[in-house]
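Trainee: 3D, please:
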Amino acid sequence: MGPDGKKLLNIIILGFGFMFMFTAFQTCGNIEQTVIKSFNSTEFHGSGYTSMAIIYGVFSASNLMAPSVVTVVGPQVSMFLSGILYSGYIAMFIHPFTWSFYTASVLVGVAAAVLWTAQGNVLAINSTDATIGRNSGIFWSLLQFSLFFGNLYIYCAWHGHVHITDKDRRTVFISLTVISLVGCFLFFLIRKPDPESSSRSEVTESLLQTESADGSADSSSQPGLCSQALDAFVQACRISVTKEMLLLSVSIGYTGLELTFYSGVYGTCIGAMTRFGSDAKSLIGISGICIGLGEIIGGGVFGLLNKNNRFGRNPVVLLGLVTHFVAFFLIFLNIASDAPLAPEGGTDLKAFITPSVAVAMLCSFLLGLGDSCFNTQLLSIIGFTFRDNSAPAFAVFKFIQSIMAAVAFFYSNYLLLHWQLLILVVSGFLGSVSFFAAEWVAQSRKRDSDYDSI
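Mentor: Next comes the predicted model:
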């Protein structure tokens, strides 16, 4: 297999590993608030929204240190160990306690920072300026298949269930734990790509270096590793204040807010709508499938089919903004304002139209499609602009995204639906304008390079 084929295979394996892991984790996040409301125990007093706020809060705090960890440990081991912690969080729901619930939330926050930094590095190392768009699309599409398979299982398992029993919960989370562990072990199939003639930065190169030929590590190499770890942290701080990253930070922040909405809040709203009938709980699964279809189609179309760089990334982001605005307006009309905060019995209120399952599922699809528009373009522009410092750059990306997701999960405990939608509309508009400016800066500075967009 040639060097290009080996790199493409690495991207595919990376995508499948994340697909298995996040089939489990995203499904867990989508249903956990509903499961917690149905949990029959006086000893457990956790909140799914609070757990996710902790995860993303710790995630954001850990991101600037994550490049140092990945530099010292290596991307494969980093992703594997992070995946084990993800699996532990899912397994905790088999028999949850309040202390274990929140402790696991903290550990997953740390693991997420390391996992996504390593992923961004592997993506950049296995891509060129000409293939970063294609590879971003391939990875994104495979990742979003996780929404399809996990939520299809939830729909089949919970169809017709008004209340989630302890047996239902244990069966689902044992299955999700096993699926997550499969994804962890897939990361060991990724191979170091063949070296290129062009030079890379020392930090980026060090993340995929193997041990010396005799397999030994000299004691003198330890100061080098510490120096590389410190250098990775310093570079992350420097990248965070560059003109390009400051412009992109508003758009990245918006993806954190809408991530919270589609992955945790919207499914809870659908499950709380008693006007959807006895299948309201199982509709959470169908909603997740529709989100996944939107993500997959968006990643495929913009990552694999659109190889014409004549118009750049801005039209795709504009499409994502329009798609999200349509979804937010329909949700505002279709879903009761108190649905995010409704008790286990749900809400009998309606918004401005008679609640429609078809409209709710259409909105799920539009949320996924719009999210893929933003994220594929952000992966592409960051991978292109900061290719020689990919690990610190993707750490900054996840730092901004996760801290905004944490903020959104926190206010989701208190704000009615229409206020949450208003926040999304304002931040989406500002994020799109800032992305357009960042794209203009990137084009003006890289006008003589082979500028490929997705």
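Trainee: okay, now S278: neighbour count?
Mentor: For S278, the count of nearby residues is 11 (other CB atoms under 10 Å). Yep, even glycine has a C-beta here, placed from its N, CA and C like the rest.
Trainee: now do it against R238, distance only.
Mentor: 56 Å (CB to CB, to the nearest Å).
Trainee: OK, contacts around the residue nearest the centre of the chain?
Mentor: By CA atoms, centre = their mean, the chain has its centre lying nearest to L259, at 7.4 Å. Residues in contact with L259 (CB atoms under 8 Å, 6 or more residues apart in numbering) are D371, Q401, A405, A408.
Trainee: please identify the helix or strand for it.
Mentor: If you go by DSSP states H and E, L259 is part of helix 243-260.
Trainee: same question, S82
Mentor: With DSSP H and E as the test, S82 turns up in helix 75-92.
Trainee: tell me which helix or strand comes right after that helix.
Mentor: Past helix 75-92, the next helix or strand by DSSP H and E is helix 98-125.
Trainee: quick one, the very next helix or strand once past that following helix and helix 98-125 angle?
Mentor: Per DSSP H and E, the first helix or strand lying C-terminal to helix 98-125 is helix 132-158. Between the axis of helix 132-158 and that of helix 98-125 there is an angle of 150 degrees, by axes from the mean of the first three to the mean of the last three CA atoms, to 10 degrees.
Trainee: any buried residues in the next helix or strand along the chain from helix 132-158, and which?
Mentor: Using DSSP H and E, the helix or strand that follows helix 132-158 in sequence is helix 166-186. Within helix 166-186, the residues that count as buried by 16 or more other CB atoms under 10 Å are 168-169, 172-173, 175-177, 179-184, 186.
Trainee: ok, stretch 408-419 next?
Mentor: A408, F409, F410, S412, L415, L417.
Trainee: cool, and stretch 5-20?
Mentor: 7-20.
Trainee: tell me which two in those residues are the farthest apart.
Mentor: K7 and F20 (21.1 Å; CB to CB).
Trainee: just the buried residues of stretch 408-419 now: which is nearest L107?
Mentor: Using CB to CB, the buried residues of stretch 408-419 come closest to L107 at F409, 17.0 Å.
Trainee: on that earlier part again, farthest pair in the buried residues of stretch 408-419?
Mentor: Longest span within those, CB to CB: F410 and L417, 16.0 Å.
Trainee: the nearest residue to F22 once chain neighbours are set aside: what's it in contact with?
Mentor: Once flanking residues are discounted, F22 sits nearest to S146: 4.0 Å by CB to CB, 6 or more residues apart in numbering. Counting by CB under 8 Å, 6+ apart, S146 makes contact with F18, M19, F20, M21, F22, T23, A24, F25, Q26, T27, G292.
Trainee: same thing with L181?
Mentor: G83, I84, S87.
Trainee: if we can go back for a sec, selecting buried members of the contacts of L259 in ChimeraX, what would you type?
Mentor: Selection of buried members from the contacts of L259 for ChimeraX, criterion 16+ other CB under 10 Å:
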select :371,401,405,408
